[in-house]
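S.K.: Would you be able to build a 3D model of this:
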Amino acid sequence: MTGPGRPTPGTPGDPLDVGLGNGPTGPADGEPAAPPPAPPQQAPQAPQKERHAGRTIGRTLALALLIFVTVLLVLFVVFNGQTVQISLVFTDVQGPLVLALLIAAALGGLLVWLAGLVRRARRRKR
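M.R.: Now for the predicted structure:
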């Protein structure tokens, strides 16, 4: 089945010649058969960081919550700008309402943090 443009079996351009050296498609003129090519070696690759959908969603929700709280805080400051009298233990002072509320919130957060420290210390002793 040779025709124009088709090489005869055993010739170097034969697509059926796989270079095994046996049969009519082997190397011409008694040349030794070439060893089969080695499979390509893949270079070791650094492990790729896998993106976990849960982690991405969690970070997105945390960012959205941070933006929401920031907007609420800005609105809180804008609407509570009036000056009020703040009664301390030994004196009275005049100051913006928002400052008094933020100081109270910070002191409350400090108390919660300290309570958490005490709780963790008690757990370690057990």
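S.K.: Confirm that Leu66 sits in a helix.
M.R.: Yes. In this structure, Leu66 lies within a helix as judged by DSSP: H, G, I helix; E, B strand; the rest coil.
S.K.: Tell me how many other residues crowd it.
M.R.: A count of neighbours around Leu66, defined by other C-beta atoms under 10 Å, yields 10. (Each C-beta comes from the backbone N, C-alpha and C, glycine too.)
S.K.: residue ranges with poor pLDDT in this structure?
M.R.: Under the criterion of pLDDT under 70, the regions of the chain flagged as low confidence span 1-36, 38-40, 42-51.
S.K.: repeat that with 90
M.R.: Across the chain, the stretches falling below the confidence threshold (pLDDT under 90) are 1-59, 62, 66, 69-70, 73-81, 86-89, 96-105, 108-109, 123-126.
S.K.: hey, where'd the helices end up in it?
M.R.: Remark: helices assigned in the chain by DSSP state H are 53-79, 97-125.
S.K.: I'd like these as CSV, with distance to Pro37 appended.
M.R.: As requested, these are exported to CSV (distance: least, C-beta to C-beta, whole Å):
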stretch, distance to Pro37
helix 53-79, 42
helix 97-125, 63
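S.K.: Out of these, flag the one nearest Gln85.
M.R.: helix 97-125 (9.7 Å; C-beta to C-beta).
S.K.: Show me what the closest one is packed up against.
M.R.: In terms of contacts (3 or more C-beta pairs under 8 Å, 6 or more residues apart in numbering; DSSP states H and E), helix 97-125 is packed against helix 53-79, strand 83-87.
S.K.: Single out the most deeply packed of these.
M.R.: Burial among the helices and strands packed on helix 97-125, expressed as mean neighbours by mean count of other C-beta atoms under 10 Å, is greatest for strand 83-87, which shows a mean of 12.
S.K.: Mind giving me the packing neighbours of it?
M.R.: strand 92-96, helix 97-125.
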